[in-house]
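K.L.:
no sequence on hand, only this structure:
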Ligand SMILES: Nc1nc2c(ncn2[C@@H]2O[C@H](COP(=O)(O)OP(=O)(O)OP(=O)(O)O)[C@@H](O)[C@H]2O)c(=O)[nH]1
C-alpha cells in the first residue's frame, strides 16, 4: 500500500518544445516505481494532445488547459494540486506518493517552483522534488542560442537528459560543455530506450537544490544573475499556437510533402508540429511530430483518444502567419494539388520518409 508522505514531492519535467518530455515520461510511467504517481500535464496551445499521447488517463492525470504553467495557469496549477490533495484525503483518487508536472516547452521553471513554495496551502502538503530537463541533441544548440526559456530550463535542472543522440552523427560533447557552463551542478544523462530510469530521475528523497537557497524572506525563485541579464521576457510575443482540425481523411503522401516543404522552408520558425491524424486507408490514428527542421517517423496509436475521428494538428510558430499556413495546408495537404507541383527536393524527401 502507498505510504502518503507528510510532504508529497512534486517533481518537474521541463525542456524546450519537442525535446522529448512526453516520450521520457511515457517510458518512466511504465516503471512500477512510479505507479503511485499523479501527473499534471501542461501544454502551450489551443488544444492539448500530450495527455492522449501518454495513454494513461485516470483521475490522477490532469491536463492543465492551454496557456503556460509558468504564467497564465499558475493559479490553475495551484488549484489542481489542491484538488488532488483534497481528493486523496477523501479517498476519491488513488493514494499517490508523488506528483510529476510536465511543463510546456516554453515554460520558465523558476516561477513554477516559487508557486509551490509560496502558496499557503501547498507549502504544507507538498515540497519541490527533482527538476529534470530534456535537451534535444539535434536542435538544442539552436534553441539555446535563440530562446531564453531553453537556457532557464537547463540552468535550474538537477538532471539534464540529452535526447535524440541516436539521430546525431557525432557525440554531443559541445552541447554538454555548454550545458555544464550554464549549470555546473546538473548531472547529464544520455537518453536511451531504457535509461535513465525512474529511480535515478525522480527518487522520492530528492530535494531540488533551490531548497538550499531559501532566504529569510522566502524561497529562492529567481533565475541566476547570468540569466537575468539576458532577454527578460518569458515568451517572445511572436510565438503563437493554433490548431487545424480536419474531419475528412488525410492522404499521407500529400500531407508528408506539405510538412516536409514547410519545415524545409520555415523550420527555424516552426517550433513544433504535433498531430493525431486520421489517414486514408488507416484504421488506427497516427501520431506525427515535427520539431523545427526535423520530422520524426509517424507512429500508430492503439486507439482513437477522442470520440470523433477528426485529425488535430497543433502548431507552435514564431512569427509565422497562422492564416497563411492554414491556407497552404488546405491547398496542398487536403486538395492533393501537391501531386501536380511538388518541389523536387521536398517530394524526394517525402517519398523517402517512412510511411505510417
Ligand atoms: N530518435 C529519437 N526521437 C525522440 C527521442 N526523444 C523523443 N523523440 C521524438 O521526438 C518527438 C517529440 O517528442 P515529445 O516527447 O513529444 O517531445 P515533448 O518535449 O513532449 O514535446 P512538447 O510537449 O511539444 O514540448 C517525438 O516524435 C518523439 O518520438 C530520442 O531520444 N530519439
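P.N.:
Ah, there it is. What you see is a predicted model; the values in this text were computed from it and never measured.
K.L.:
name the helix or strand for the residue in the stretch 51-200 of the chain that the ligand sits nearest to, please.
P.N.:
At 3.1 Å from the ligand, residue 105 is the closest residue in the stretch 51-200 of the chain, using CB to the nearest ligand atom. Yep, even glycine has a C-beta here, placed from its N, CA and C like the rest. Following DSSP states H and E, there is no helix or strand that holds residue 105.
K.L.:
with adjacent residues omitted, what lies nearest to it?
P.N.:
The spatially closest residue to residue 105, leaving aside those adjacent along the chain, is residue 17, at 3.1 Å (CB to CB, 6 or more residues apart in numbering).
K.L.:
residues contacting that neighbour?
P.N.:
44, 104-106, 143, 271-272, 291, 316 (CB atoms under 8 Å, 6 or more residues apart in numbering).
K.L.:
same thing with residue 262?
P.N.:
Residue 262 touches 270, 325, 328, counting by CB under 8 Å, 6+ apart.
K.L.:
let's see that with 10 Å instead.
P.N.:
Counting by CB atoms under 10 Å, 6 or more residues apart in numbering, residue 262 touches 269-270, 273, 290, 295, 315, 320, 325, 328-329, 332-333, 346.
K.L.:
which of those residues has the most neighbours?
P.N.:
Among the contacts of residue 262, residue 333 has the most neighbours (other CB atoms under 10 Å), with 26 neighbours.
K.L.:
that one and residue 277, how far apart?
P.N.:
10 Å (CB to CB, to the nearest Å).
K.L.:
what touches both of these two?
P.N.:
246, 250, 252, 255, 311, 313.
K.L.:
so how far is residue 263 from the second one?
P.N.:
Residue 250 sits 17 Å away from residue 263, taking CB to CB as the criterion.
K.L.:
which positions in the chain make contact with the ligand?
P.N.:
Residues of the chain lying close to the ligand by CB under 6 Å from any ligand atom are 15, 17-23, 50, 105, 134, 163-164, 166-167, 191, 272, 274, 289, 291, 296.
K.L.:
among those residues, name the buried ones.
P.N.:
15, 17-23, 50, 105, 134, 163-164, 191, 272, 274, 289, 291, 296 (16 or more other CB atoms under 10 Å).
K.L.:
among these, which are in strands?
P.N.:
If you go by DSSP state E, those have 15, 134, 163, 272, 274, 289, 291 in strands.
K.L.:
reformat those as a markdown table; add pLDDT and distance to residue 97.
P.N.:
Output for these, formatted as a markdown table (pLDDT from 0 to 100; distance: CB to CB, whole Å):
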| residue | pLDDT | distance to residue 97 |
| --- | --- | --- |
| 15 | 97 | 24 |
| 134 | 98 | 23 |
| 163 | 98 | 27 |
| 272 | 93 | 32 |
| 274 | 93 | 30 |
| 289 | 94 | 31 |
| 291 | 95 | 33 |
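K.L.:
perfect, that will be all.
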